[in-house]
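**Q** with the sequence up front, the predicted model follows.
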Amino acid sequence: PRRRRPPIWSAEVRAAAAHDLVEETQVSFGTQFAQLRAYLAREWTKLIYLALIFLGFAFILFKIKQQAARWTADDPALERANRVLQLPVATAGVLTFLAARPVFQQAPRLFWAVLAALALVPILILLRRLIDRHLFPILNALVVFYIVAQLRQLAAALPVLSRVMLLLEMAGGVIFLAWFIHSTRSSPRGTTSRKTARTAARIGLVLFGAVFVANSLGYVRLANYLGAGALAAAYLAILLYAAAGIVEGLSFFALQIRPLASLGVVRNHRPLLRIRIARLIYFGAFVLWALLTLGAFSLRAPVVEGVRRFITAEMSVGSLRLSLGALLAFALCIWFAVLLSRFIRFLLEGDIYERFHLARGSAYAVSTILHYIILLLGFFAA
């Protein structure tokens, strides 16, 4: 990358800073406020829709709250899910923020800065119920970084001011992460979450230090690219973790009510279903986080295109032409057929056979025949 700006300590930067702070700050922020007022005057009805979405979520969650507490008293395994549902207003706020993206697609930057700041409060409340206490300092630091980053984005039209704010943000991040690594190193025993947090802190320390040095030397575009991408990845992580916790809680309690609670497979295998559902939810959240993080670094399209080219590249073995994509498709078809067979047999054995009072030998025969039929169909599809 080429150096786009002079070093931060140069006289040119000091002279530009004085001009920016005196004149351009008022012009930039005045323009953004004018855009926000114009947008709200044009799209004020969408704010009503957003308020109705929030009230709908809050009403449903208030209805669930008392029943969730009673179920938790009978089944302590629901304790973690119950922590989310005992905060209906905060949970409704997070869900409303997630639902706002398709409603306000053309909103100006200042609108999203204000809305994200409002959503930060319920996200923080929920996460303090879901994460370990030793991670609270990281959560609090991310809140501070988020507020500063939003201010820096609003000041993006002021190059020098934005650059100084990024320097201060990265310097604060380096100091905080160094303190966090030192404080967790002295802990007597390390849990998995503590070790993961320490590893992430070391990566962040190196990255924040690199951004600070690049910005100081004048590589502003590189510094903004790395800093914005790293912070966006952290913000997405806490948002998706909170959303996954909400979905997990709602899913667990959905197993307690009809029609799911009336299924024999749910009554007999509820703990197993909770484990599988939780894994699926957090795996989906991780995949979404990875895709959004690649997008934050402007790498999603190149990575997807590179993977597509790699798996569609053909190789010849004699007269046979193969590609990795075809082999993966074959394997996935077989794998999906096996999973589908296991699920159908699990459903039959847990709920259907007992309703029809089938003998054990007859039930086994039906399950075996279905298993081979599904595998045969999967093989031909593959």
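**A** All right, it came through fine. Residues are numbered from 1 along each chain as shown.

**Q** pLDDT weak spots in the stretch 1-150 of the chain?
**A** Applying pLDDT under 70 to the stretch 1-150 of the chain picks out residues 1-29.

**Q** quick one: name whatever helix or strand follows the host helix or strand of Thr72.
**A** Using DSSP states H and E, Thr72 sits in helix 44-74. For helix 44-74, the following helix or strand on the C-terminal side (DSSP H and E) is helix 79-85.

**Q** for that following helix, which helices and strands make contact with it?
**A** helix 44-74, helix 109-130, helix 220-254 (3 or more CB pairs under 8 Å, 6 or more residues apart in numbering; DSSP states H and E). Heads up, the C-betas are built off the backbone N, CA and C, glycines and all.

**Q** which one of these is the most hemmed in?
**A** helix 220-254 (a mean of 20; mean count of other CB atoms under 10 Å).

**Q** now do it: distance to the chain's middle.
**A** Per CA atoms, centre = their mean, to the nearest Å, the displacement of helix 220-254 from the mean C-alpha position of its chain is 4 Å.

**Q** residue boundaries of the strands in this protein?
**A** Residue ranges of the strands in the chain, as given by DSSP state E, are 314-317, 320-323.

**Q** check contacts around Ala267.
**A** Careful, residue 267 is Arg and not Ala. Ala261 (CB atoms under 8 Å, 6 or more residues apart in numbering).

**Q** what about it, distance to Leu332?
**A** As judged by CB to CB, to the nearest Å, Arg267 and Leu332 stand 32 Å apart.

**Q** tell me how many other residues surround Val281.
**A** You called it Val, but residue 281 is Ile. Here the count is done by other CB atoms under 10 Å, and Ile281 has 18 residues near it.

**Q** cool, and the one 5 residues further on?
**A** Applying other CB under 10 Å, we find 14 residues neighbouring Phe286.

**Q** ok, now the one 3 residues further on?
**A** Other residues near Trp289 come to 17 when the count uses other CB under 10 Å.

**Q** before we move on, what about the one 5 residues further on?
**A** In terms of burial, Leu294 registers 17 neighbours under the definition other CB under 10 Å.

**Q** so that it lines up with my notes, have the first residue be 110 from now on.
**A** Got it, first residue is 110 now, which makes that one Leu403.

**Q** ok, and the closest non-adjacent residue to it?
**A** Arg409 (4.0 Å; CB to CB, 6 or more residues apart in numbering).

**Q** just confirm that neighbour contacts Leu397, I think it does.
**A** No: here Arg409 does not reach Leu397: they are 11.7 Å apart, not a contact under CB atoms under 8 Å.

**Q** what residue lies at the spatial centre of the protein?
**A** The centre of the chain sits closest to Leu349, judged by CA atoms, centre = their mean, with a distance of 2.6 Å.

**Q** kindly provide the distance from that residue to Leu156.
**A** When CB to CB is the yardstick, Leu349 and Leu156 sit 25 Å from each other.

**Q** could you do Trp288 as well?
**A** 41 Å.

**Q** and if you look at Phe362?
**A** Taken as CB to CB, the span from Phe362 to Leu156 is 31 Å.

**Q** which residues of the stretch 360-491 of the chain score low on pLDDT?
**A** Using pLDDT under 70, the stretch 360-491 of the chain drops low at 467.

**Q** which parts of it are helices?
**A** 373-405, 409-421, 433-456, 462-465, 469-490 (DSSP state H, counting those that start in this stretch).

**Q** so how far is the first one off the chain centroid?
**A** Offset of helix 373-405 from its chain centre (CA atoms, centre = their mean): 12 Å.

**Q** ok, the shortest one next?
**A** From the chain centre to the centre of helix 462-465 is a distance of 41 Å (CA atoms, centre = their mean).

**Q** repeat that for the second one.
**A** Average the C-alpha atoms of helix 409-421, do the same for its chain, and the two points are 23 Å apart (CA atoms, centre = their mean).
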